[in-house]
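# below is the structure, and that's it, no one-letter string:
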């Protein structure tokens, strides 16, 4: 390029030669695309018209068959050879059925005449037999048969009444001492029936006293059953309570603990009973009964964190408990607090001695209080954690 003017003329004022080449390329591509579209169209026409020859042949065969059938009048309306054949066939079948029916009717007529003749002969024989039967005393036998039937009806009625009477008399028989067959004998003999009536009168006079005795026995059994049922209900309730918690304290104490825990805002785990923290050593198990008897009251004491004792006591002042609850303040550093036993059983001798030794080493004060339905909490200071 020799100058800027020449560059400007070539690039701006005059049309570049590359534009014409690009236009020719685009026109050539359009021609190729049009040729391809025409080829696709012709191919579709070829695929569509390929079976036309076979279809034309099938159409010709169908028209030829239709023409052949029309020669018999299959699709034609009016009188045709096919309709003539159909009507003649119907006529032949009807004539055959009529002939068969006539033969059957003639045969039945002959059988009817023969049967009527036989019936007339049998009726004559029957009348003759009746006359001979009456002449030989048949009327007497007939009247006896009628009387027998009447007596049978009367007998059935009396048997039914007898069964009803026997059923009404069955309560009068003492089954423990009298056999059932004596009912029939009482219905057959007047003395037995009279004795049965006397027994019934005596029973009517004594049934009220017997009823009172049975009622008293029933009331006695019912009264003995109530404590057992109450004890069973208590045991079931305690079992349900023990299954839902790790400790073994009675369900009533656990319920009281839950109530005061809700009122004071402390967790149930922060309020253990002494019985849940001590246990009998395995080698001292023979003393378990004696230990539980001696330390039963101490084992039912509930321990409260000493730093929360005043707050706890004030929080449960308005709680109406359904039993008496004894609690005692103790610091959480007390050794007995930090050694809960897995079994959670009641207090024992070895544990009590352990608690006593721990208490002798403690110098920090604790406080003890009780709560019951009377709401009389008498606090007093004590020493130790036991």
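Yep, that arrived. Predicted model, so just to flag it, every value in this text is computed and none were measured.
# for stretch 271-283, buried residues please.
271-280 (16 or more other Cβ atoms under 10 Å). Where you see a C-beta, it was placed from the backbone N, CA and C, and this is true even at glycine.
# filter those residues down to the ones in strands?
Among the buried residues of stretch 271-283, no member is found in strands (DSSP state E).
# mind listing which of those are in helices?
For these, not one is inside helices, with DSSP state H as the criterion.
# okay, these in JSON lines with distance to residue 85 next?
Formatted as JSON lines, the buried residues of stretch 271-283 follow (distance: Cβ to Cβ, whole Å):
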{"residue": "271", "distance to residue 85": "114"}
{"residue": "272", "distance to residue 85": "115"}
{"residue": "273", "distance to residue 85": "115"}
{"residue": "274", "distance to residue 85": "120"}
{"residue": "275", "distance to residue 85": "116"}
{"residue": "276", "distance to residue 85": "113"}
{"residue": "277", "distance to residue 85": "118"}
{"residue": "278", "distance to residue 85": "120"}
{"residue": "279", "distance to residue 85": "116"}
{"residue": "280", "distance to residue 85": "119"}
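# quick check, nearest of those to residue 231?
residue 275 (22.0 Å; Cβ to Cβ).
# which one is that closest one nearest to, not counting chain neighbours?
In space, and not counting its chain neighbours, residue 275 is closest to residue 299: 3.7 Å by Cβ to Cβ, 6 or more residues apart in numbering.
# just confirm the one you found contacts residue 273, I think it does.
Yes: with contacts defined as Cβ atoms under 8 Å, residue 299 counts as touching residue 273 at a distance of 6.8 Å.
# give me the common contacts of these two.
Common contacts of residue 299 and residue 273 (Cβ atoms under 8 Å, 6 or more residues apart in numbering): none found.
# shaky segments in this protein?
Applying pLDDT under 70 to the chain flags the ranges 1, 11, 13-14, 16, 73-76, 138, 170-188, 332-386.
# show me where it has helices.
Under DSSP H, the chain gives helices at 4-8, 17-49, 52-70, 81-135, 138-169, 182-188, 190-243, 251-264, 288-294, 296-299, 309-315, 349-361.
# tabulate these (CSV), appending distance to residue 323.
Shown next, in CSV, are the helices of the chain (distance: least, Cβ to Cβ, whole Å):
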stretch, distance to residue 323
helix 4-8, 114
helix 17-49, 100
helix 52-70, 105
helix 81-135, 105
helix 138-169, 61
helix 182-188, 64
helix 190-243, 14
helix 251-264, 6
helix 288-294, 20
helix 296-299, 14
helix 309-315, 17
helix 349-361, 24
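# just send those helices back as CSV, with mean neighbour count too.
As requested, the helices of the chain are arranged in CSV below (neighbours: other Cβ atoms under 10 Å):
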stretch, mean neighbour count
helix 4-8, 10
helix 17-49, 10
helix 52-70, 10
helix 81-135, 10
helix 138-169, 11
helix 182-188, 15
helix 190-243, 11
helix 251-264, 18
helix 288-294, 14
helix 296-299, 15
helix 309-315, 16
helix 349-361, 16
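# nearest to residue 324, of those?
Minimum separation from residue 324 across the helices of the chain (Cβ to Cβ) falls at helix 251-264, 8.5 Å.
# now do that closest one: which elements does it pack against?
The helices and strands touching helix 251-264, judged by 3 or more Cβ pairs under 8 Å, 6 or more residues apart in numbering; DSSP states H and E, are helix 190-243, helix 309-315, strand 325-330.
# format these as JSON lines; extra columns: distance to residue 46.
JSON lines is the format used below for the helices and strands packed on helix 251-264 (distance: least, Cβ to Cβ, whole Å):
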{"stretch": "helix 190-243", "distance to residue 46": "88"}
{"stretch": "helix 309-315", "distance to residue 46": "101"}
{"stretch": "strand 325-330", "distance to residue 46": "106"}
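# select, out of those, the one closest to residue 95.
helix 190-243 (89.5 Å).
# now do the closest one: which elements does it pack against?
Using 3+ Cβ pairs under 8 Å, 6+ apart: helix 190-243 touches helix 182-188, helix 251-264.
# bridged to the closest residue to residue 297 other than its chain neighbours, which residues?
Nearest non-adjacent residue to residue 297, counting by Cβ to Cβ, 6+ apart: residue 326, 8.0 Å away. Going by DSSP bridges, residue 326 is paired in beta bridges with residue 370.
# what's the burial count for residue 326?
17 (other Cβ atoms under 10 Å).
# any idea how far it is from residue 267?
20 Å (Cβ to Cβ, to the nearest Å).
# do the same with residue 46
Residue 46 is 92 Å from residue 267, by Cβ to Cβ.
# likewise for residue 103?
Taken as Cβ to Cβ, the span from residue 103 to residue 267 is 113 Å.
# swap in residue 257?
Separation of residue 257 from residue 267 (Cβ to Cβ): 11 Å.
# ok, residue 6 next?
From residue 6 to residue 267 the distance is 100 Å (Cβ to Cβ).
# one more: residue 297?
With Cβ to Cβ as the criterion, residue 297 and residue 267 are 25 Å apart.
# over to residue 329?
17 Å.
# looking at those two, which is more packed in?
Using other Cβ under 10 Å, the more surrounded residue of residue 329 and residue 267 is residue 329, with 24 against 8.
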